[in-house]
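**Q** Got a predicted structure plus its sequence, pasted below:
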Amino acid sequence: MKITIIDSYDSFTYNILSLIKQVDSSIEIQIIQHDEILKFQSQIKQSNGIIIAPGQGDPKEYINQHKELKYIYEQIPVFGICLGFQIIGLLYNSETQKLVNPRHGEQVELNIITKDQLFARINELLRVGLYHSHYVNKIGKSLQVLAKDKDGIIMAIKHSQFPIYGIQFHAESFLTLRGLDILQNFLIICYEHLAKNE
């Protein structure tokens, strides 16, 4: 299996890579910088899963090149983390907003409100790590909310038609207690999609 990580020059990307290798060391991983994704569309299209990694700044600054790859994202399982989550939200008519007080290195309780394969074998209440200054404050009609935090901020979404997921928290952070399991669940989704489409 081949996974593409779209990197926004963020050190968390390599934590994600490390977790994937813990789940399955045989997985082939390619890292492509966000400002080169249009150049490498054919390589991305050959992936069995795409992870849009965390990054800095306003997601609106990243959205244009991702719009060009939307047709690929709707063919392959996609998992957006933090900035990646916000990008997925914007791709599907959500709104993002800047937090008054950025949440960097903060651990909060996640409330899983919709049962889904992404959270298989995980209790409804989970401690997760946040590192973000923007958030999705309103989701588009094609997206479903899977989880929120205690303040009602959206923490996880899923597309209603395609295997496209996003999480606001960092699965790869030590502050997220079941992050490895969440990433493993996404990789299972990728394996199942591959088997179904072979």
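**A** Cool, got the structure. Everything quoted here is computed from the prediction, not taken from an experiment.
**Q** contacts and neighbour counts: CA atoms only from here.
**A** Will do.
**Q** Pull up the pairing partners for the helix or strand where Y135 lies, direction included.
**A** Under the criterion of DSSP states H and E, Y135 resides in strand 125-138. Strand 125-138 sits in its sheet next to strand 95-112 (antiparallel), going by DSSP bridges.
**Q** Could you pull out the helices in the chain for me?
**A** Remark: helices assigned in the chain by DSSP state H are 12-23, 41-45, 63-68, 70-73, 83-91, 179-197.
**Q** Just the buried positions in the strand holding Y135, please.
**A** When burial is assessed from 16 or more other Cα atoms under 10 Å, strand 125-138 yields the following buried residues: 126-137.
**Q** Show me the beta-bridge partners of the residue nearest to I154 when sequence neighbours are not counted.
**A** Nearest residue to I154, sequence neighbours excluded (Cα to Cα, 6 or more residues apart in numbering): K148, at 4.4 Å. On the basis of DSSP bridges, K148 is bridged to N111, I154.
**Q** what does the model give K148 for pLDDT?
**A** Predicted confidence (pLDDT) for K148: 94.
**Q** residue contacts, the most centrally placed residue in the chain?
**A** For the chain, the residue nearest the mean C-alpha position is G80 (1.8 Å; Cα atoms, centre = their mean). By Cα atoms under 8 Å, 6 or more residues apart in numbering, the contact set of G80 is 51-54, 86-88, 165-167.
**Q** And Q161, how close does it get to P102?
**A** The spacing between Q161 and P102, counted by Cα to Cα, to the nearest Å, is 32 Å.
**Q** Neighbour count: these two, which is higher?
**A** The neighbour comparison of Q161 against P102 (other Cα atoms under 10 Å) goes to P102, with 14 against 9.
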